[in-house]
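In: Curious how this folds, go ahead:
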Amino acid sequence: MKFKTLAALVLLLSPISAFSGMYKYQDKSGTWVYSQQPPATGEYETIRGPKETRSSKLPKEARDEKLKKARKAVLGDPVDKAAKDKVAKETAKNADKRTKSCEQSKKALETLQVYRRFIDKDGNATVMDSDVRAKGIKNAMENIKQFCD
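Out: Below you'll find the predicted structure:
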């Protein structure tokens, strides 16, 4: 436990020590030296690292933009929500239509398979041709495949 605490403390303080200060001085040969340790003798100049930038110091617009992105990630886009609701309503309507079509197709198939006579528009009982009946059965079966789950 102590090792983890010590390791965390070292890791937290290491970036701070990297920018704690640098020293610039000229050595005996005349070249400029940059070091984290000041020279033992002679003049030197202290150089500071870059200042920290914190998110709390961001302009208000940037903070607001970050807040909007976070809200959108958590709650979702309200426009998307409305579109999803609309799609759900359309799907429910289509489900009702599909159910009705399925029932009608099953009823038509049963009628075509059981009865050979039908009543036409004038109210006369007519015997159905086997070709017409076969086409009707085929169409009813296709509709059942399409509309029934």
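
In: where in the protein is pLDDT low?
Out: For the chain, applying pLDDT under 70 flags the ranges 1, 6-20, 50-58, 77-79.

In: could you redo the last one with a cut-off of 80?
Out: Low-confidence segments of the chain (pLDDT under 80): 1-21, 48-63, 72-84, 118, 149.

In: for the longest helix anywhere in it, which positions count as buried?
Out: Assignment by DSSP state H gives helix 78-114 as the longest helix of the chain. In terms of neighbour count (16 or more other CB atoms under 10 Å), helix 78-114 has its buried residues at 102, 105, 108-109, 112. Heads up, the C-betas are built off the backbone N, CA and C, glycines and all.

In: From the contact counts, what lies against that helix?
Out: Other helices and strands packing on helix 78-114, by 3 or more CB pairs under 8 Å, 6 or more residues apart in numbering; DSSP states H and E, are helix 130-147.

In: report the angle between the axes of the helix it packs on and helix 78-114?
Out: Between helix 130-147 and helix 78-114, the angle formed by their directions is 150 degrees, by axes from the mean of the first three to the mean of the last three CA atoms, to 10 degrees.

In: How about residues contacting helix 130-147?
Out: Identification of contacts with helix 130-147 by CB atoms under 8 Å, 6 or more residues apart in numbering yields 98-99, 101-102, 104-106, 108-109, 112-113, 116, 128.

In: Same question for stretch 107-122.
Out: Taking CB under 8 Å, 6+ apart as the rule, stretch 107-122 contacts 125-128, 133, 136-137, 140-141, 143-144.

In: Just the CA trace of it, in PDB.
Out: Taking Å, rounded to 0.1, in the frame of the first residue of the first chain, the C-alpha atoms of stretch 107-122 are listed here in PDB:
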ATOM      1  CA  LYS A 107     -59.000 -15.900 -45.400                       C
ATOM      2  CA  ALA A 108     -58.600 -15.600 -49.200                       C
ATOM      3  CA  LEU A 109     -56.400 -18.700 -49.300                       C
ATOM      4  CA  GLU A 110     -58.900 -20.700 -47.200                       C
ATOM      5  CA  THR A 111     -61.800 -19.500 -49.400                       C
ATOM      6  CA  LEU A 112     -60.000 -20.400 -52.600                       C
ATOM      7  CA  GLN A 113     -59.000 -23.800 -51.300                       C
ATOM      8  CA  VAL A 114     -62.400 -24.800 -49.900                       C
ATOM      9  CA  TYR A 115     -65.000 -23.200 -52.200                       C
ATOM     10  CA  ARG A 116     -65.100 -23.300 -56.000                       C
ATOM     11  CA  ARG A 117     -68.100 -21.000 -56.400                       C
ATOM     12  CA  PHE A 118     -68.100 -17.300 -55.700                       C
ATOM     13  CA  ILE A 119     -70.600 -14.500 -56.000                       C
ATOM     14  CA  ASP A 120     -69.800 -11.900 -58.600                       C
ATOM     15  CA  LYS A 121     -70.600  -8.100 -58.600                       C
ATOM     16  CA  ASP A 122     -74.100  -8.800 -60.000                       C
END
